[in-house]
Each structure stands twice: as structure tokens, then as C-alpha cells.
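Trainee: my questions are about this predicted structure, shown below with the sequence.
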Amino acid sequence: MNKKTRSLIQRMTLTPYSVWAVLFIVVPLIFVAYYAFTDQSFRFTLDNITRFFTATSQVDDGETVREVHTYLVIFWRSLRLAVISTVICLLAGYPLAYIMARAKSRTQSILLTLIMIPMWMNFLIRTYAWMTILQDTGILNGLLTALHLGRIHIIGTEAAVVIGMVYDYFPYMVLPIYSVMAKLDVKLLEAASDLGCPGLSVLRRVIWPLSLPGVLSGVTMVLIPSISTFYISQKLGNGKFFLIGDAIEGQYVANNLHFAAAIAFILMVILLACMALVQKLANRRVIVA
Amino acid sequence: MKKIIELKNISKSFDGEVVLDHINLDIYDNEFITLLGPSGCGKTTTLRIIGGFETPDTGEVVFMGENINEMPPYRRNVNTVFQRYALFPHLNVFENVAFSLREKKVPKDEINRRVTEMLSLVALKGFEKRSVLSLSGGQQQRVAIARALVNQPKVLLLDEPLAALDLKLRKDMQVELKNIQKATGITFVFVTHDQEEALSMSDTVVVMSEGQIQQIGTPVDIYNEPENAFVADFIGESNILDGVMLEDYKVRFSGQTFQCLDAGFGKGEAVDVVVRPEDVDIVPGEKGKLHGVVTSVTFLGVHYEIIVDIGGFKWMIQTTDFVDVDERVGLYIVPDAIHVMKKSKYSGMFGDYSTFSDEMEEIGGVEIEELGEMELESGSGHE
């Protein structure tokens, strides 16, 4: 088989994927951009974009009424909750990934399965499950009462939303870090120890820099869906914490397609910029200890 | 000479399998000592116990008079050159070598000076900024040595450091390692399964088998005066025959009585007799003490390797004289060429050239195992 026919066959095997990508990724994106920059009668306009940055609304916190930039506040809140969730996922997931990678292979596969099982369940069902756990009369409070620890009010708070996000996206943090850690040569850790590093130093100078690619892809995979999530905040936040995803959904349901597209477009640009930055960090060779 | 390391009565088992069986070994200042043996003999475990990566089940590791059983690797004044180097892939050559100095917070200009000095010692000047991944096997090897030596350890441990290099490079590195050892005066503890490597580099060779030390001695002693059939077979080629010591300086084997230089055995004691293939003279049939038929002849460049069947026992003989297959020849052996050993558990297991298999199986086994490991390492998947 010569080179030409081989590359032809390669191209042919790529065809279904290319068609899929064009139909379901590229075309919708073009539509989003098209809607974002047009008005109801499909004439070019920047109004939708500027509305995102300038629209204001009044917030009544009981005493004073303040004027705020509606969507910037929503975006900021989304970003804040997403960052908090990502940090929690990283802090909990990194040690777990390390322990898993160093465990016996049987333990490894058990832990892997345990982490992946929730992913087999529907996202909505998982979120509903958390509602029943966190409700004022839910399982958590039932347990606390049984232990005479009093009750806590958590449903409808930011904490509940963060719990939901952490639970849903945790596997996406653990798995990429684990896959990098599992490939880490134990001899490198022994070498570091041999060269005078106590445990923490081995972590800081060898394990951490070598696991960085996994960390970056884990962070990306948790941060981005957490920013754009909408259902968790509605159910666990009792709709009190309007997130950017909720805003898009709200505008869409209200048949305000052009503005919904504009919000989606802005979010996408910001996320793409973040991802480009992450990529750049990942590609930079870490030379100095 | 000053003792640096003493291993006292060290035993170690993994999952109930005994890997080290009551090892006693003294390592002296400034010596090049080699632990030699087939795969699974416990040599690497011994090295790892000295390095602090394994803790012995019983016994004591004494370092300059101090028991260091419980001392973690990072506090030991010992450094290791790992089998496949274990260089840090995220650091360049300079930072790999500087690794231990940075940990000790050595001042910057001193780090520069010492790393530069080390890199010139291993002939890698100008490679400071290179990624270690871009280096050849031999260069990576040198970085590993520089990295381990920059800390000025009392003892350098080398775990089969040359196994992954090709033959010529390996020979060069043997010479270079020996030179580095002389230049630095650091004690080298070298692990290998290659007997040639062991003989050519070492001041002292420790032959190990099945978790026990079989013999400790200079390369010449080990070759000329092997303690038992295992050592005689593992180091070089040997014809090992059943014999009886008739009296001092008189041994009987292969149906004949020979003069020898060995004494101190009991009268009539059963012994193993070693005759090296290069020490046997081929003579015309009637002049030899032993007679046999040539069953195979192999040309090896410097000499012929011939197999002679004498009463069912196949002798290996190395000679520069040509003989033909099926020719009847006589063998002549001078007293100096005969070495008598006590019987051991290895008696009868080695030294008959009906097959070459014993040693080949064991050495071959190591290589296959290593290949397997390499494939695992280079594979991108994980379990």
C-alpha cells in the first residue's frame, strides 16, 4: 500500500467524525455567533453584547436599594462558585489520586470504580438526591438530630450549590491527575529521597511538577462546566443564586434567543481565553526547581 | 583499611520468599566492590538495604560505626545511580545535577562551581541547559553519576548502571567508572550480573546466589580459587568433576590420579575438581593422561572451543590447535591447572558441557526480565 492510498483511507475513516463535528459543533457555534450579533429581524447589531455589560437592576437588601450591573454580578458569582468548587475538588482529589496511583492494583480498580459509579447515573437524579439529603427535613438533618447535634440550614445557600458542583465534577478532577500519577516512575521518588529530600520536599520538587499536566486538565474539566452549570443552582440554591447558565436558560425559555446567544458567546470567548492560558502554562517546560 | 559499611546477619523476605539469608559483608573505604550474581540472588536487595529503600527483617546495617537500620534514605551519606538512571524529566542537566545541593540550600555560586566541576568530571561540559530527555543512554548515565557524586557521598551505590548500554559503550563506561572511582576516592558498591564486568572493574568481588554470599575475594582469587561449584561455573568456564582426595597434593578423578597443589582435605574425602578450559593441553592420544573423542569444534576467533567426551563427561577445552570432530585426542593437565574444592550444595549441578544451559538460563533470564520491564515502562497505558 503506498502512502497516498493510505492517507486517503485515513481521511475516509475520519469522514464520519468530520461530518459530526461540522454538523453538531461548528454549525451551532456559527449560529450562536450569528444570533449574538443580530436583532429580532436578523440585522447586525451589538446591542445584545453591550446589554450584557451595561444592563442594570435594583437589589433590595432590606434597608437600601442598590443599582447593580445584572449580568456582571451574575458572571462574577458564577466564576466565584466555580473557582471555590474547583479548589475543593483539587484539594480533595489530588491526595486521592496520589494514594490511588500508589495502591495495589486491586485497590486501584476498586477506587476507580467507586469514583466512576456516580457518573453512570443521570446528572438530574444526582442533583435531586442531594436535594433530599440537604433539605431542612432531609437525611442530613435527620442524622444530625438523631445525634443530638441540632439542625443546619443548608439548602438554598451557596454552600449547597458548591456541594452539588463538587460532587458532580469531582471525577473529572481525580481521573486526569490519577492517570498522570499512575505513570510516574517510583524510581524518581526514590531518587529524590536518595538525593536528600524528605517526603514533603519530594512532593514539592518532583511529584507536583510532574503531575502538573494532569492538574491543569483536571482544573479545566471542572472549572468550565462549573461556570456554565445552571441546574444545580436552581435545585440546590432554591433559585436564589442565579448563575450565568441560569441566565442563558432564562433568556432562552423567554424566547429571547438573541440575547441568550450573546451571553453564551461572551462566556465562550472568556472560557476559550482561559483554556488558551492553561494550555500555555501546560506547554511551558518547568526547568527551575 | 577502614570499614565504612558493615552488614551484620542481614535477612530479608518478600511475601514469605527469602531474598537475603543471613548476609555478612564488610565494605572498606575507597574500594570498588562488586556484588555479582544471577537474577534473584539478592544483590539488588542488598544495595537497596544500604541505600535505605528496604529495611532488613533481621540484622544490622552499620555505617561508620553507627547503626542506620532506621535512618531514611535522605539522611544517609550514600547516593545511588539507578538502573535506568531515574533522571528528573522536568529538569535540565544542570538542575538534575544540582538537585541535592538545592535541597541543602547551598549558596548559588557554590552550586554553580560544584555542578560545573561534576559535569566536566563526566565529560558533559556544555550540556547544562539540555533536556535530559534529549540525551543518549550513555550521556544520561553520566548525568546520573554526576548527580549522585555532586553531594560527595562516602559511598556510591550503582545498580546495574551499564545494563542498558550497548557493548562498546559499556566497555568505555567500565574504564571511565573505574577512573572516576580512583579520582574521587569514593567507595563504589556496584551490582551486576555480568562476570566480565565484575572481574575487570573491581577490587573486591562478592559472588551471591540464592540470597547467600558464596565467596568474597579479589577478581584473581575468585577466578583461580573458586570456593564451590557455583562460583567456578558462574565466573568463566569450568569443567567440574567429581573427585577423591587421596592424600595432600594427590587427587583422583576421571579414573586417573593427578598431582595437584591443594592440601588440607581429609584422606579419601569426596571433592569437586575444577579445570579451566584454557588450562588443558591437547596432546597426541598416547601422550595424554586422559583420552576422549572430540564431539564438537567451534571457532571463536582467538581460539577454538572444543568439546571432548571422556567416559561420558563432556569437557570444554579452549585451544589454538586445530582438531577435527571424531578425532581421538589425549589431554594433559599440569598440577597448577587443577583446583580442588569442598563439596557443596551446588556439586553436580554445573561443569558438564553436555549442555551450556545452566548459566545461559540464568543470565538469559535476567535479560528477558529486563526487556519485559522496559516494555512496561515505555508503554503509555496504566492498569
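Mentor: Ah, there it is. The shown structure was predicted, so the numbers you read here are calculated from the model rather than taken from an experiment.

Trainee: sheet partners, orientation included, of the strand or helix carrying residue B:291?
Mentor: Per DSSP states H and E, residue B:291 falls inside strand B:290-299. Strand B:290-299 has the following sheet partners, assigned by DSSP bridges: strand B:304-310 (antiparallel), strand B:328-333 (antiparallel).

Trainee: off-centre distance for the shortest one?
Mentor: Put simply, strand B:328-333 sits 33 Å off its chain's centre (C-alpha atoms, centre = their mean, to the nearest Å).

Trainee: ditto for stretch A:51-60
Mentor: The answer for stretch A:51-60 is 26 Å, by C-alpha atoms, centre = their mean.

Trainee: and stretch A:224-243, by the same measure?
Mentor: For stretch A:224-243, the distance to the chain centre is 12 Å (C-alpha atoms, centre = their mean).

Trainee: now do the end-to-end distance for it.
Mentor: Length of stretch A:224-243, first residue to last, C-alpha to C-alpha, to the nearest Å: 13 Å.

Trainee: returning to that earlier point: determine which stretch of the strands paired with strand B:290-299 is the most buried.
Mentor: Greatest average neighbour count among the strands paired with strand B:290-299 goes to strand B:304-310 (a mean of 20), per mean count of other C-beta atoms under 10 Å in any protein chain shown. Where C-beta positions appear, they are placed from N, C-alpha and C, glycine not excepted.

Trainee: just want the angle from the helix or strand just after that strand to strand B:328-333.
Mentor: Using DSSP H and E, the helix or strand that follows strand B:304-310 in sequence is strand B:313-319. Calculated by axes from the mean of the first three to the mean of the last three C-alpha atoms, to 10 degrees, strand B:313-319 forms an angle of 80 degrees with strand B:328-333.

Trainee: what does chain A put close to chain B?
Mentor: Applying C-beta under 8 Å from any C-beta of the partner chain, we find that chain A lies next to chain B at A:105, A:108-109, A:179, A:182-183, A:185, A:187-188, A:190-198, A:201, A:205-206, A:209-210, A:285-289.

Trainee: for the residue positioned nearest the centre of chain B, grab phi and psi.
Mentor: Nearest to the mean C-alpha position of chain B, by C-alpha atoms, centre = their mean, lies residue B:36 at 2.8 Å. The phi/psi pair for residue B:36 (degrees, to the nearest 10) reads phi -120, psi 140.

Trainee: likewise for residue B:12?
Mentor: The phi/psi pair for residue B:12 (degrees, to the nearest 10) is phi -150, psi 130.

Trainee: and the helix ranked longest in chain A, what does it pack against?
Mentor: The residue-count maximum for a helix in chain A (DSSP state H) belongs to helix A:70-102. In terms of contacts (3 or more C-beta pairs under 8 Å, 6 or more residues apart in numbering or on different chains; DSSP states H and E), helix A:70-102 is packed against helix A:47-54, helix A:105-116, helix A:158-183, helix A:208-228, helix A:244-253.

Trainee: quick one: buried residues of it?
Mentor: Across helix A:70-102, burial judged by 16 or more other C-beta atoms under 10 Å in any protein chain shown covers A:70-71, A:74-75, A:77-79, A:81-82, A:84-86, A:88-90, A:93-94, A:96-98, A:100-101.

Trainee: ok, residue A:115 - contacts?
Mentor: A:170-171, A:174-175 (C-beta atoms under 8 Å, 6 or more residues apart in numbering or on different chains).

Trainee: can you pull the pLDDT of residue 176?
Mentor: No chain was given, so I picked chain A. With respect to pLDDT, residue A:176 scores 94.

Trainee: wrong chain, I was asking about chain B
Mentor: pLDDT for residue B:176: 90.

Trainee: and what of residue B:288?
Mentor: pLDDT, residue B:288: 82.

Trainee: go on, residue B:360?
Mentor: pLDDT, residue B:360: 46.
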